[in-house]
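Student: pasting the sequence and the predicted coordinates here, then a few questions.
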Amino acid sequence: MHIPDGYLSPQTYLPLMGVFVAVTAVAVKKVKLDFSARYIPYLGMAAAFSFIVMMFNLPIPGGTSGHAVGSAVIALLFGPWAAVVAVSVALIIQALVFGDGGITAIGANCFNMAIFMPFVAHYLFKLFSVNPKRKTKVFVAAFISGYFSLVLTAILTAVEFGIQPLIASDAEGKPLYCPYDLSVAIPVMAIEHLVLFGIVEGLITALIVRYFLKSDPGLIFALRIRKGMQHD
Amino acid sequence: MTKLQRQILYFLLGLCVLTPIGILLPMVFDAGDAWGEWSATTLNDLIGYVPSGLEKYSNIWNAPIPDYSMNEADPSVVHQSGYYIVSGVIGATLTYLVTLLISKLIVKNGD
């Protein structure tokens, strides 16, 4: 899901870079006001976790590979705005140091995996308004939140890939950037994330939330806001 | 460091050691690159040409540790697994430190 350099036209990556910068500015303000200093070490570890999780490439046998992102569980534990900061750091380091994801596509990749995904996960989990005492329900809600946030992010990424032949082609009509259109990109990206990578994202989200529910339930942002206690 | 933080740290270290699964499993199951992440050369094999804009941008950045490997030409799977673990530790540590630094600079809520 890390779009490399050359796959997106400037008409796509420049606006997404702008959106990323603007949203990050809001995230910084929100984190400044709402985030408790004692959770800072956890947020650092969460960012590191996201970085490592994305290294676990899993195969669709005979096809392509892909991975979970970790954005969903970070959004549920620390809130979507803190997740924007943590996952953006991981993605920018992946691009700059390891060439995973393009430099020109940093805005797009951060928009997809560090903005869109944690907010989708956050709102999906909220839909269930689960009672923290109902551990099975928390587990199921966290799984669904992780699963669908990754699948929807994959589809968003597929749309960015798939619109390229429509907006940028040369005089002969050959695509200048990503050569695959929406009819190819969306089914491939949706199916591979529906059948495998989404399940992994769902499981890590649910298992980690369950672990924190046992060890430090007060830390979990998504269960705290339900009780009307924004921050302690 | 609290007990929970220490547990998370051990968990992350354990994950780092296991990262080579991320190169071994795709190899065993004959799975290629992630969809849409092909190099210009691989794309040429797939569709018979390299889109001109893609070619122009594809080498815009030379990452210091490309593809999480210190030596991409090394054919040894064991060595590549080692490079992958070291890359994971470097990347995760860097990500941890940068996130910590940014959070400390912006967070004002000290309770």
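Tutor: That came through, no problem. What you see is a predicted model; the values in this text were computed from it and never measured.

Student: residue contacts, the spatially most central residue of chain B?
Tutor: Note on chain B: the residue nearest the mean C-alpha position is B:Tyr68, at 5.1 Å, using C-alpha atoms, centre = their mean. Under the criterion of C-beta atoms under 8 Å, 6 or more residues apart in numbering or on different chains, the contact list for B:Tyr68 reads A:55, A:98, A:100, B:83-84, B:87-88, B:91. Using the backbone N, CA and C atoms, a C-beta is placed for each residue, glycine as well.

Student: swap the cut-off to 10 Å and go again
Tutor: B:Tyr68 makes contact with A:55, A:94, A:97-100, B:19, B:22-23, B:80, B:83-88, B:90-91 under the criterion C-beta atoms under 10 Å, 6 or more residues apart in numbering or on different chains.

Student: go on, B:Gly91?
Tutor: Counted by C-beta under 10 Å, 6+ apart, B:Gly91 has contacts A:48, A:51-52, A:54-55, A:90, A:93-94, A:97-98, A:100, B:16, B:19, B:65, B:68.

Student: which one of those residues is nearest to A:Leu77?
Tutor: The shortest gap between A:Leu77 and any of those belongs to A:Ala48, at 13.7 Å (C-beta to C-beta).

Student: how close does that closest one sit to B:Ile90?
Tutor: 11 Å (C-beta to C-beta, to the nearest Å).

Student: likewise A:Val138?
Tutor: From A:Val138 across to B:Ile90, the span is 35 Å (C-beta to C-beta).

Student: top helix in chain A by residue count?
Tutor: Of all segments of type helix in chain A, defined using DSSP state H, the longest is helix A:135-162.

Student: is chain B contacted by whatever helix or strand comes next after it?
Tutor: Along the chain past helix A:135-162, the next helix or strand (assigned with DSSP states H and E) turns out to be helix A:164-167. Yes. Applying C-beta under 10 Å from any C-beta of the partner chain, one finds helix A:164-167 in contact with chain B at A:164-165.

Student: elements contacting helix A:164-167?
Tutor: Of the remaining helices and strands, those touching helix A:164-167 by 3 or more C-beta pairs under 10 Å, 6 or more residues apart in numbering or on different chains; DSSP states H and E are helix A:10-34, helix A:182-192.

Student: what helices or strands is the next helix or strand after the first one leaning on?
Tutor: Later in the chain than helix A:10-34, the nearest helix or strand by DSSP H and E is helix A:40-53. Here helix A:40-53 is seen to pack against helix A:71-78, helix A:80-98, helix A:198-215, helix B:3-18, helix B:77-106 when contacts are counted using 3+ C-beta pairs under 10 Å, 6+ apart.

Student: what about the shortest one, distance to the chain center?
Tutor: Relative to the chain's own centre, helix A:71-78 is displaced by 9 Å; criterion: C-alpha atoms, centre = their mean, to the nearest Å.

Student: do the same with stretch A:211-222
Tutor: 21 Å.

Student: end to end, how far does that stretch reach?
Tutor: Stretch A:211-222 has its terminal residues 14 Å apart, counting by C-alpha to C-alpha, to the nearest Å.

Student: what about it, near chain B?
Tutor: Yes. Stretch A:211-222 comes into contact with chain B (C-beta under 10 Å from any C-beta), by way of A:211-212, A:215-216, A:219.

Student: quick one, grab the pLDDT at residue 64.
Tutor: Since no chain was named, I'll use chain A. Here the pLDDT value assigned to A:Thr64 is 94.

Student: could you do chain B instead?
Tutor: pLDDT at B:Pro64 comes out at 97.

Student: what number of residues lie near it?
Tutor: Residues lying near B:Pro64 (other C-beta atoms under 10 Å in any protein chain shown) number 10.

Student: can you list the weak-confidence ranges in chain A?
Tutor: Along chain A, the model assigns pLDDT under 70 to residues A:225-232.

Student: go again with 90.
Tutor: Flagging of chain A using pLDDT under 90 yields the residue ranges A:62, A:129-132, A:169-173, A:224-232.

Student: nearest residue to the middle of it?
Tutor: Judging by C-alpha atoms, centre = their mean, chain A has its centre closest to A:Met113, at 3.0 Å.
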